[in-house]
Every structure is written in structure tokens, then in C-alpha cells.
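**Q** Take a look and give me a structure for this.
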Amino acid sequence: MDDDTNTSGGIRLEACPFCGGTKFHTNTRAKGHFLKKRMEREKRDTSNYLIRCTKCGAKGPLKHSASEAAIAWNTRLNATCPADLGRG
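**A** Numbers count the residues shown, from 1 in each chain. Model (predicted):
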């Protein structure tokens, strides 16, 4: 589901809070049934979807569906910008 778009899970995405970008990828972390089952057995987080800004690389939090990831992005919960990670 790596789309370069401004919607995810049928939800229109707000502009990036860091750069104002309006194009995004909806990335999936674990692809495939067997990988997900292995992660569940190992009691690892099976959240798979996040929104990433194509302009600056800012990412929203991992969620269980594309629509949940879009809602989290639009409410700005735990968004991180790569440029901010080096600051302390």
C-alpha cells in the first residue's frame, strides 16, 4: 500500500506539521501472514501502518489499519521529523 497520495484508508490527510507537504506514503511494516503470526508469538507489536511525508520524511505512529494511521496523523499524535531527532 505504498501510495504517494493525500488520502489513507479513505481519509483525507492534513498537511505535514513540519514542512507543509501534502503528499504521503502509507507504509506497511510487516507484510505477510507468517511474519505477523511470528510477531504475535514473540509478543511483539503487530501494528503495521504509518503515514510518512514524502517531502521531509516525518512519520506518524504505527497503527493497526490505514484509517487509524490517518486519524493519528491528522491529530498529530507522536509525529516525528527526522531533522528533529538529532537535536537534544
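**Q** Helix or strand: which one has Arg52?
**A** Using DSSP states H and E, Arg52 maps to strand 49-53.
**Q** where in this structure is pLDDT low?
**A** Along the chain, the parts satisfying pLDDT under 70 run over 1-5, 29-36, 39, 43-47, 77-88.
**Q** let's see it at 80
**A** Scanning the chain for pLDDT under 80 picks out the ranges 1-5, 9, 27-48, 76-88.
**Q** three-state assignment of Ala72?
**A** Under DSSP: H, G, I helix; E, B strand; the rest coil, Ala72 falls in the helix class.
**Q** can you pull the contacts of it?
**A** Contact analysis of Ala72 by Cβ atoms under 8 Å, 6 or more residues apart in numbering lists Ile51, Gly60, Pro61, Lys63, Asn78. Bear in mind the C-beta positions are built from the backbone N, C-alpha and C, glycine included.
**Q** By neighbour count, which of these wins?
**A** Most neighbours among these, by other Cβ atoms under 10 Å: Gly60, with 30 neighbours.
**Q** surely that residue meets Ala66?
**A** No: using Cβ atoms under 8 Å, Gly60 is not in contact with Ala66; the gap is 11.1 Å.
**Q** Can you pull the residues that touch both of the two?
**A** With Cβ under 8 Å, 6+ apart, Gly60 and Ala66 have no common neighbours.
**Q** Let me see the ranges of the helices in this protein.
**A** Using DSSP state H, the helices found in the chain span residues 33-41, 66-74, 82-85.
**Q** what about the residue lying closest to Cys56 once chain neighbours are set aside, how many residues close to it?
**A** Leaving aside its chain neighbours, Cys56 sits nearest to Cys19 (4.0 Å; criterion: Cβ to Cβ, 6 or more residues apart in numbering). For Cys19, the neighbour count with other Cβ under 10 Å is 14.
**Q** same deal with the one 5 residues further on?
**A** Using other Cβ under 10 Å, the number of residues around Phe24 comes to 28.
**Q** How about Thr26?
**A** For Thr26, the neighbour count with other Cβ under 10 Å is 23.
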